[in-house]
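S.K.: Provided below are the primary sequence and the corresponding predicted coordinates.
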Amino acid sequence: MSTMATGRIMVASTTCIAQKPQAYNAAKLPCVTAKPGCLRKGLMGSNLRRSNGRLTKFPCSLVRVSAIASSSELVKENMDTKSDLLVTREEGLVLYEDMVLGRSFEDMCAQMYYRGKMFGFVHLYNGQEAVSTGFIKLLKAHDYVCSTYRDHVHALSKGVPARAVMSELFGKTTGCCRGQGGSMHMFSKEHGVLGGFAFIGEGIPVALGAAFSSKYNQEVLKDDTADAVTVAFFGDGTCNNGQFFECLNMAALWKLPIVFVVENNLWAIGMSHVRATSVPDIWKKGPAFGMPGVHVDGMDVLKVREVAKEAVARARRGDGPTLVECETYRFRGHSLADPDELRDPVEKAHYAARDPIVSFKKYLIENNLANESDLKSIEKKIDEIIEEAVEFADASPLPQRGQLLENVFADPKGFGIGPDGRYRCEEPGFTAGIAQV
């Protein structure tokens, strides 16, 4: 069974996560010894480790692992320090509202997709809300987020209005990309959302560029206000791609203010993560490049939030990047076109029972941070926001044909726009291929 069902994972009181990546002599670092053959079969037949990082699958008899590579130095289980994870009432309600917004929005997307209001592939985020909320709600307004094709909820968490995201999904001019991006390409300069990307791994170099910009502005241009942190979200399938490794190397080399967040939902479309990856523990790839690697329960918003606090603070103070593996689960198929027949029903039921929203709701009530009435009020508010977003998107106009070539050509007198300022595509002979260009 997954290690995520264990008790509360606490950030260690040590400053290991705050240590600067540096060239080091492994012989001088404290080491832990990993025992051989400590395998545990999970629901997918995977070899999973305890969340304290002590037991892992290794082919050799004894392996010495530098402490920086051990998640036990960064994240600890502690059943007796429950109060350390308490949030204030205000913080708790903000987190709950954001997760409910994400879930309700995606549920409505499914309805609209099947009614023919959306086109192409639509990938929903249900089940993974604790990751987006845990990280993004800690960020400042000028911080950056770079997403994947599963990007709706990241945009919502960063503050893009629900009506703008829904309109984009409807392909309307009132969408955050004026209807030209669609489901997989949410972008908002105003909110620091650098885009969703259809191909896996595409967004990581873009996120790296944003982090480099922050570093350059601060150190070369001497802009003391340029303290923006970039959070790059991507999935487990991306971690076998070249861009991932190249960007880890560059980020550590230049100590860029970036946090790499792996949303490991255990499946890359229909391929089990452990069948496709020689070393399934993604967090271990961070220390190979000189940065901390952390594994956290991605179904618990408070655990994610505690790790995010350290990682974001570390990036902002100039100590460099962190790789965080959030082990989570998506409650729907890869996309709405996926019948989701490959995953074991027992596995799906196991994770459904660990619904992050239900768990956090219970936490808020049990710790007297909110009552049923408070939470129902939030749910009602979100329902109204979603309904209004759908009505707004449905009533919004479709883009004009002339918008097709906007933002494509930089030269206003080039192929896209004529000397008279009119779009070439509006000329009668354009589609026939006889227009003067």
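M.R.: Happy to help now that I have it.
S.K.: hey, where'd the helices end up in this structure?
M.R.: Assignment of helices within the chain using DSSP state H yields the ranges 89-114, 129-136, 152-157, 162-170, 203-219, 242-253, 273-276, 301-316, 345-352, 356-366, 372-395.
S.K.: adding mean pLDDT and distance to Leu194, write those helices out as TSV.
M.R.: (Each C-beta comes from the backbone N, C-alpha and C, glycine too.) Putting those into TSV (pLDDT from 0 to 100; distance: least, Cβ to Cβ, whole Å) gives the following:
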stretch	mean pLDDT	distance to Leu194
helix 89-114	97	19
helix 129-136	98	13
helix 152-157	98	10
helix 162-170	97	15
helix 203-219	97	6
helix 242-253	97	14
helix 273-276	93	26
helix 301-316	97	16
helix 345-352	95	29
helix 356-366	97	25
helix 372-395	98	22
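S.K.: please produce TSV containing those, extended by distance to Asn264 and mean neighbour count.
M.R.: Supplementary listing: the helices of the chain in TSV, determined by distance: least, Cβ to Cβ, whole Å; neighbours: other Cβ atoms under 10 Å:
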stretch	distance to Asn264	mean neighbour count
helix 89-114	18	19
helix 129-136	10	28
helix 152-157	16	27
helix 162-170	25	26
helix 203-219	15	20
helix 242-253	13	19
helix 273-276	6	16
helix 301-316	12	23
helix 345-352	12	14
helix 356-366	15	17
helix 372-395	27	15
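S.K.: for Asp107, give me its contacts.
M.R.: The contact partners of Asp107, taken as Cβ atoms under 8 Å, 6 or more residues apart in numbering, are Asn126.
S.K.: if I look at Cys109, how far off is Ile386?
M.R.: 10 Å (Cβ to Cβ, to the nearest Å).
S.K.: how about His273?
M.R.: In this structure, His273 and Ile386 are 32 Å apart, going by Cβ to Cβ.
S.K.: sorry, back to before: so which of the helices of the chain comes closest to Asp338?
M.R.: Closest of the helices of the chain to Asp338 is helix 89-114, at 12.0 Å (criterion: Cβ to Cβ).
S.K.: what angle do the closest one and helix 372-395 make?
M.R.: In terms of direction (axes from the mean of the first three to the mean of the last three Cα atoms, to 10 degrees), helix 89-114 departs from helix 372-395 by 40 degrees.
S.K.: quick check: bridge partners of the spatially most central residue of the chain?
M.R.: The C-alpha lying nearest the average C-alpha coordinate of the chain belongs to Phe233 (Cα atoms, centre = their mean; 3.5 Å). According to DSSP bridges, Val261 are recorded as the beta-bridge partners of Phe233.
S.K.: that one reaches Asn265, doesn't it?
M.R.: No - taking contact to mean Cβ atoms under 8 Å, the distance of 11.7 Å between Phe233 and Asn265 leaves them out of contact.
S.K.: need the overlap of contacts for those two.
M.R.: Counting by Cβ under 8 Å, 6+ apart, Phe233 and Asn265 have no shared contacts at all.
S.K.: which one is Ile258 nearest to, not counting chain neighbours?
M.R.: Closest residue to Ile258 apart from its sequence neighbours, by Cβ to Cβ, 6 or more residues apart in numbering: Ala211 at 3.9 Å.
S.K.: would you confirm that the one you found contacts Ala251?
M.R.: Yes - taking Cβ under 8 Å as the contact criterion, Ala211 and Ala251 are neighbours in contact, 6.7 Å apart.
S.K.: end-to-end on stretch 218-231?
M.R.: Distance across stretch 218-231, first residue to last, is 18 Å (Cα to Cα, to the nearest Å).
S.K.: should've said stretch 177-190
M.R.: 12 Å.
S.K.: contacting residues around the residue lying closest to Val100 once chain neighbours are set aside?
M.R.: With Cβ to Cβ, 6+ apart as the criterion, Val100 has its nearest non-adjacent residue at 5.0 Å, and that residue is Ile382. Ile382 makes contact with Glu97, Val100, Leu101, Ser104 under the criterion Cβ under 8 Å, 6+ apart.
S.K.: I'd say the second one and Ile378 touch.
M.R.: Yes - using Cβ under 8 Å as the test, Val100 is close enough to Ile378 to be in contact (6.2 Å).
S.K.: check contacts around the nearest residue to Lys361 once chain neighbours are set aside.
M.R.: With Cβ to Cβ, 6+ apart as the measure, Leu375 is the residue that lies nearest to Lys361, at 6.0 Å, once sequence neighbours are left out. Taking Cβ under 8 Å, 6+ apart as the criterion, Leu375 is in contact with Tyr96, Lys361, Leu364, Ile365.
S.K.: between those, which is nearest Ala311?
M.R.: Of all those, Tyr96 has the smallest distance to Ala311: 22.4 Å, by Cβ to Cβ.
S.K.: I'd guessed that closest one sits against Tyr363; true?
M.R.: No - because the distance of 9.5 Å does not satisfy Cβ under 8 Å, Tyr96 is recorded as not touching Tyr363.
S.K.: overlap in contacts of Ala211 and Ala251?
M.R.: Shared between the contact lists of Ala211 and Ala251 (criterion: Cβ under 8 Å, 6+ apart) are residues Ile258, Pro321.
S.K.: from Leu336, how far out is the nearest residue to Asn249 once chain neighbours are set aside?
M.R.: If you skip the residues right next to it in sequence, Asn249 has Phe289 as its closest partner in space, 5.4 Å away by Cβ to Cβ, 6+ apart. From Phe289 over to Leu336 the distance is 36 Å, taken as Cβ to Cβ.
S.K.: repeat for Leu405
M.R.: For Leu405, the distance to Leu336 equals 30 Å [Cβ to Cβ].
S.K.: kindly report the same for Gly201.
M.R.: When Cβ to Cβ is the yardstick, Gly201 and Leu336 sit 23 Å from each other.
S.K.: these two: which is more packed in?
M.R.: A count of neighbours by other Cβ atoms under 10 Å puts Gly201 above the other of Gly201 and Leu336, at 20 against 17.
S.K.: leaving out the residues flanking it, which one is nearest to Leu212?
M.R.: One thing to correct before we go on: residue 212 is Phe, not Leu. For Phe212, ignoring the flanking residues on the chain, the nearest one in space by Cβ to Cβ, 6+ apart is Leu256 at 5.9 Å.
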